[in-house]
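[1] Let me see the structure of the following:
(one chain, ligands or ions: 1)
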Amino acid sequence: MRAKTILLNLLFTAFILTSCSAVTPDGLEFTGGQRIISPGRTAELIIVPHYPEDSSGTDSQRATKTSAPSFSGEPQLSSDNPDIKILSVKTETISPAISCTIVVSASESMLSGESARITISWGGFSSESLIKIKKQPSLYIDESGVITDAEATDALINKNRELPSDYIPSDLVRVKVPTILIFEEVNHLRKPASAALSSMFRAAEEEEGFILTARSGYRSYSTQVMLFDANVSTHGMEYAAKFSAKPGTSEHQSGLAMDITAEIMNYQLEQSFGKTPEGRWTAQNAHRFGFIIRYPEGSEEITGYAYEPWHLRYIGEKLAAEIYHGGLTLEEYYSGQNLRSHT
Ligand SMILES: [Zn+2]
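    Here you go, the predicted model:
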């Protein structure tokens with residue numbers, strides 16, 4: 001009974017293959033093209049018909065497969081993010097193949113970690129492609145190593161990428177969480193970072209009963225000059241360069257970084273914070289609120305800084321989640337490779 005069914009199926013399939021002049025596509029696919037683009041840039045995506053898997057058998061079958069399928073109507077395209085626009089759509093038949101090339105552009109204001117879904121409907125089929133935004137940091141720096149995107153929450157600031165010495169964030173606010181230092185300047189953050197810190201501290205208390213404390217946030221260029229010089233005169237240049245930042249290279253000047261601590265640490269900033277329940281919770285949950293542990297353990301060669309489990313950098317929820325789940329540092333995210341796997 002079963003053998004008979006198989007035989008009938010085989011005969012039926014053979015009948016279909018010989019009676020059709022060309023194998024018809026069963027969908028559309030995006031081939032080649034870029035899926036990661038920098039803000040303000042364009043990308044080209046190519047869409048071609050997709051053929052059923054079993055049609056690529058004999059040479060003659062492959063030949064018939066490449067006969068141009070007649071797609072009815074013009075391709076219809078849409079983007080689910082108004083910041084990524086479809087600039088042009090072009091269909092082309094280079095006998096016997098047919099393809100559609102679209103050019104998309106990302107607005108200048110987009111931030112790394114944002115994305116858009118591009119949907120195409122064509123010839124009765126539809127398909128989609130995800131465009132992800134990732135800055136090319138090399139486009140945001142001048143010849144003297146000073147960054148040109150200081151206001152952007154996804155800015156890459158490190159020892160090779162300084163903030164302008166006259167940069168003062170325009171939206172600094174006094175944080176609304178427990179603080180410890182009387183020097184008021186450090187109790188400030190940029191508005192979105194401050195709101196995120198409040199949410200994070202609230203969650204730590206509600207979920208685990210942890211009371212976190214903000215110790216050091218915004219630091220002006222002149223404050224950093226003072227701190228660095230003091231560190232140099234006490235510990236020498238080598239120590240100072242390793243444990244504090246040269247003026248301009250500190251993320252604290254961006255108003256997007258906050259050093260946090262807790263009573264269990266006697267409100268100090270020490271690496272043992274990473275082993276405390278509060279420190280562990282922070283490492284596992286900060287990304288939910290748009291923060292990353294900027295200088296993780298074992299990444300000194302990459303970030304240029306020793307492990308700082310207390311130093312949180314606000315970069316927005318989408319980017320923070322991507323970096324956290326990828327097990328990356330900000331440097332690795334932008335370079336597109338996990339540098340630690342090679343060391
Ligand atoms: Zn810090």
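
[2] and the residue in the stretch 101-250 of the chain positioned nearest to the ion, bridged to which residues?
    Residue of the stretch 101-250 of the chain nearest the ion, by CB to the ion: S216 (6.2 Å). To be clear about C-beta, it is placed using only N, CA and C from the backbone, and glycine gets the same treatment. With DSSP bridges applied, S216 shows beta-bridge pairing to D259.

[3] gap between the two ends of stretch 252-260?
    Start and end residues of stretch 252-260 are separated by 13 Å (CA to CA, to the nearest Å).

[4] what's the spacing between that stretch and its chain's center?
    The chain centre lies 20 Å from the centre of stretch 252-260; the measure is CA atoms, centre = their mean, to the nearest Å.

[5] wait, isn't the residue of the stretch 101-250 of the chain closest to the ion in contact with T179?
    No: contact criterion CB atoms under 8 Å: S216 and T179 do not qualify, at 9.2 Å.

[6] neighbour count winner among these two?
    S216 (23 against 20; other CB atoms under 10 Å).

[7] which residues does that one contact?
    For S216, the contacting residues are 181, 186, 252, 258-259, 269, by CB atoms under 8 Å, 6 or more residues apart in numbering.

[8] switch the cut-off to 7 Å
    181, 186, 252, 259 (CB atoms under 7 Å, 6 or more residues apart in numbering).

[9] still on that earlier bit, show the model's pLDDT score for the residue of the stretch 101-250 of the chain closest to the ion.
    S216 is assigned a pLDDT of 96 by the prediction.

[10] Skipping adjacent residues, who's closest to the spatially most central residue of the chain in space?
    Residue closest to the average C-alpha location in the chain (CA atoms, centre = their mean): G113, at 3.4 Å. Distances taken as CB to CB, 6 or more residues apart in numbering put L319 closest to G113, at 3.2 Å, once the chain neighbours are dropped.

[11] element containing the one you found, please.
    helix 317-326 (DSSP states H and E).

[12] Give me the contacts around that helix.
    Taking CB under 7 Å, 6+ apart as the rule, helix 317-326 contacts 111-114, 154, 287, 290-292, 330, 333.

[13] And for stretch 252-265?
    In contact with stretch 252-265 (CB under 7 Å, 6+ apart) are residues 150, 153, 155, 157, 163, 167, 169, 172, 188-190, 193, 197, 210-221, 224, 251, 267-269, 273, 276, 278, 282, 294, 310-314.

[14] Check this structure for the residue nearest the ion and tell me.
    For the chain, CB to the ion, closest residue to the ion: H311, 3.6 Å.

[15] So that residue sits against Y295, correct?
    Yes: assessed by CB atoms under 7 Å, H311 is found in contact with Y295 at 5.7 Å.

[16] quick revisit: gap between the residue of the stretch 101-250 of the chain closest to the ion and I131?
    Computed with CB to CB, to the nearest Å, the distance linking S216 and I131 is 38 Å.

[17] do the same with T261
    Taking CB to CB, one finds T261 at 40 Å from I131.

[18] With T282 instead?
    From T282 to I131 the distance is 32 Å (CB to CB).

[19] Over to N266?
    48 Å.

[20] now swap in A196 and tell me
    In terms of CB to CB, A196 sits 26 Å off from I131.

[21] Could you give the separation of stretch 235-254 from the chain centroid?
    26 Å.

[22] quick one on the thing from earlier: hmm, which two among the contacts of S216 are most spread apart?
    Farthest pair in the contacts of S216 (CB to CB) is L181 and H252. Separation: 12.6 Å.

[23] Compare neighbour counts for the two and give me the winner.
    H252 (26 against 15).

[24] where does this protein have low pLDDT?
    1-23, 32-34, 54-70, 95-96, 340-343 (pLDDT under 70).

[25] Show me it divided up by domain.
    22-133, 140-342 (automatic domain parsing).

[26] most packed of these?
    Burial of those is given as mean neighbour count (mean count of other CB atoms under 10 Å); domain 140-342 ranks first at a mean of 18.
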